[in-house]
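Student: Return a 3D structure for these sequence lines:
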Amino acid sequence: MKKTKRPTEQELLHQWLEGDLDLTQQLYVEKDEPQPEAVEPYQPKRDRDTFLRSLRRSLRLYNVLAFLLCAVFAALMLMTVANLPRYGSADAPTVNEVAQRYVEQGTEETGAVNTVAGMILDYRAFDTLGESFVLFTAVCAVTILMNLSPKKRRPLPKEVVNYAADPIVAGVCRGLIPVILLFGVYILLNGHLSPGGGFSGGAVLAAGLMIYALVWGDEAASRTFRASILRAVVVCSLGFYCLAKSYSFFTGANHLHSIISPGTPGNILSGGLILPLNVAVGLVVCCTMYSFYMYFRRGEL
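Tutor: Below is the predicted model:
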């Protein structure tokens with residue numbers, strides 16, 4: 001009778017990383033059959049059972065550490081909230097000369113009629129850049145976790161409904177999608193003049209792309225909006241944001257004259273860098289939301 005070779009610890013770990021081994025089932029499976037005696041002169045010190053026992057201990061330790069970490073984090077958040085000043089209190093840190101300057105001189109210094117846009121894309125542009133990089137990091141993480149090879153995917157059953165074959169749905173979407181995209185572009189380009197900007201405009205643009213993918217299918221959407229194009233748009237948008245604001249930071253910190261003028265408040269080309277930065281942020285938000293939708297639409301892993 002031919003003896004089957006037991007997998008080593010490295011082989012088990014490799015199978016788990018590749019998705020071929022479910023450790024959650026292996027950890028708690030009781031084995032009734034007797035273990036065969038070793039016939040080889042040399043046997044590894046840690047066989048399969050020993051490896052699974054060590055994983056079980058590690059899992060318990062992981063649960064304890066995760067609970068303690070969450071408890072400490074929750075306690076810190078509760079202490080922070082408890083020490084915050086009351087809303088509207090005169091001694092609140094937000095009631096100071098900074099907020100007064102935003103309101104009184106924001107339009108003159110930034111050229112943006114929308115005070116919020118002038119604040120987040122001029123005074124606090126570095127913070128907004130960090131938020132954009134958070135979105136970029138999120139889409140990178142989702143891509144790493146869900147961008148498996150087609151052989152290892154276990155997609156959900158395809159939907160039976162073919163929306164593109166329905167003349168009512170297809171006809172309405174042909175007229176609705178351009179309106180949604182046009183409205184998203186309007187929000188992007190007028191974010192410094194009226195409520196809106198990169199985040200809200202990018203969300204509207206992503207909604208239009210999602211409707212297109214929902215009606216005409218993933219294949220048509222992938223041909224029209226390829227993943228390589230989306231990645232290039234995100235990288236170029238973030239790169240432009242970094243270079244543009246680096247110039248502003250350098251000239252402002254060294255008291256140098258900047259060639260970028262705030263312009264006349266109320267004009268479409270006013271606001272200095274706020275208009276192109278709104279477009280860059282909107283493209284990042286649009287590509288991120290659309291990428292999330294397309295990855296999760298594939299089904300379960």
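
Student: three-state assignment of residue 272?
Tutor: The three-state label given to residue 272 by DSSP: H, G, I helix; E, B strand; the rest coil is coil.

Student: pretty sure it contacts residue 111?
Tutor: Yes. Residue 272 is within contact range of residue 111, at 5.6 Å (criterion: CB atoms under 8 Å). C-beta: built from backbone N, CA, C; applies to glycine.

Student: got any residues that touch both of those two?
Tutor: 261-263 (CB atoms under 8 Å, 6 or more residues apart in numbering).

Student: name the element residue 234 belongs to?
Tutor: helix 227-253 (DSSP states H and E).

Student: Next secondary structure after that helix?
Tutor: Counting by DSSP H and E, what follows helix 227-253 is helix 274-297.

Student: Residue 116 - how many residues pack around it?
Tutor: 15 (other CB atoms under 10 Å).

Student: so how far is residue 110 from it?
Tutor: 11 Å (CB to CB, to the nearest Å).

Student: thinking again about what came up before, pLDDT averaged over the helix holding residue 234, what's the number?
Tutor: For helix 227-253, mean pLDDT rounds to 86.

Student: Can you name every helix or strand that that helix contacts?
Tutor: Packing contacts for helix 227-253, counted by 3 or more CB pairs under 8 Å, 6 or more residues apart in numbering; DSSP states H and E, involve helix 125-146, helix 274-297.

Student: The ones you listed: lowest mean pLDDT?
Tutor: helix 125-146 (a mean of 85).

Student: for the shared contacts of residue 272 and residue 111, which one is nearest residue 80?
Tutor: Closest approach between those and residue 80, by CB to CB: residue 262, at 36.8 Å.

Student: from memory residue 266 sits against residue 114, does it?
Tutor: No. With contact defined as CB under 8 Å, residue 266 does not reach residue 114; the gap is 10.8 Å.

Student: Now for these two: what residues contact both?
Tutor: residue 193.

Student: what about stretch 58-69, distance to the chain center?
Tutor: Relative to its chain's centre, stretch 58-69 lies at 27 Å (CA atoms, centre = their mean, to the nearest Å).

Student: go on, stretch 170-185?
Tutor: 25 Å.

Student: now stretch 65-77
Tutor: 24 Å.

Student: Show the low-confidence segments of the protein, by residue range.
Tutor: Counting by pLDDT under 70, the chain has low-confidence residues at 1-10, 12-14, 16-49, 51-52, 88, 90, 93-96, 148-161, 255-257, 298-301.

Student: Give me the most central residue, it.
Tutor: Geometric centre of the chain, nearest residue: residue 138, 3.1 Å, by CA atoms, centre = their mean.

Student: ok, and the closest non-adjacent residue to it?
Tutor: Computed as CB to CB, 6 or more residues apart in numbering, the closest residue to residue 138 that is not its neighbour in sequence is residue 288, at 6.8 Å.

Student: can you give me the angle the one helix or strand residue 106 maps to makes with helix 274-297?
Tutor: In this structure, residue 106 sits in helix 97-110 according to DSSP H and E. Helix 97-110 and helix 274-297 are oriented at 110 degrees to each other (axes from the mean of the first three to the mean of the last three CA atoms, to 10 degrees).

Student: I'd like to know which elements helix 97-110 is packed against.
Tutor: Secondary-structure packing of helix 97-110 (3+ CB pairs under 8 Å, 6+ apart): helix 115-118.

Student: Please save the CA atoms from the helix it packs on in CSV.
Tutor: What follows is helix 115-118 as a C-alpha-only set of coordinates in CSV (Å, rounded to 0.1, in the frame of the first residue of the first chain):
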residue,chain,number,x,y,z
THR,A,115,-16.0,79.6,0.9
VAL,A,116,-15.9,75.8,1.5
ALA,A,117,-14.1,75.2,-1.7
GLY,A,118,-11.6,78.0,-0.9
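
Student: Distance from that helix to the middle of the chain?
Tutor: 24 Å.

Student: Can you list the buried residues in it?
Tutor: Across helix 115-118, burial judged by 16 or more other CB atoms under 10 Å covers 117-118.

Student: What of stretch 244-259?
Tutor: In stretch 244-259, counting by 16+ other CB under 10 Å, buried: 244-245, 248.

Student: same question, stretch 133-144
Tutor: In stretch 133-144, counting by 16+ other CB under 10 Å, buried: 135-136, 139.

Student: contact partners of it?
Tutor: 234, 238, 284-285, 287-288, 291-292, 295.

Student: then it to PDB, C-alphas only?
Tutor: C-alpha atoms of stretch 133-144 as PDB (Å, rounded to 0.1, in the frame of the first residue of the first chain):
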ATOM      1  CA  PHE A 133      -4.500  59.500  -1.200                       C
ATOM      2  CA  VAL A 134      -6.700  57.600   1.200                       C
ATOM      3  CA  LEU A 135      -9.100  56.900  -1.700                       C
ATOM      4  CA  PHE A 136      -6.100  55.800  -3.800                       C
ATOM      5  CA  THR A 137      -4.900  53.500  -1.000                       C
ATOM      6  CA  ALA A 138      -8.400  52.000  -0.700                       C
ATOM      7  CA  VAL A 139      -8.700  51.200  -4.300                       C
ATOM      8  CA  CYS A 140      -5.200  49.600  -4.300                       C
ATOM      9  CA  ALA A 141      -6.200  47.400  -1.400                       C
ATOM     10  CA  VAL A 142      -9.400  46.300  -3.000                       C
ATOM     11  CA  THR A 143      -7.600  45.600  -6.300                       C
ATOM     12  CA  ILE A 144      -5.000  43.400  -4.400                       C
END
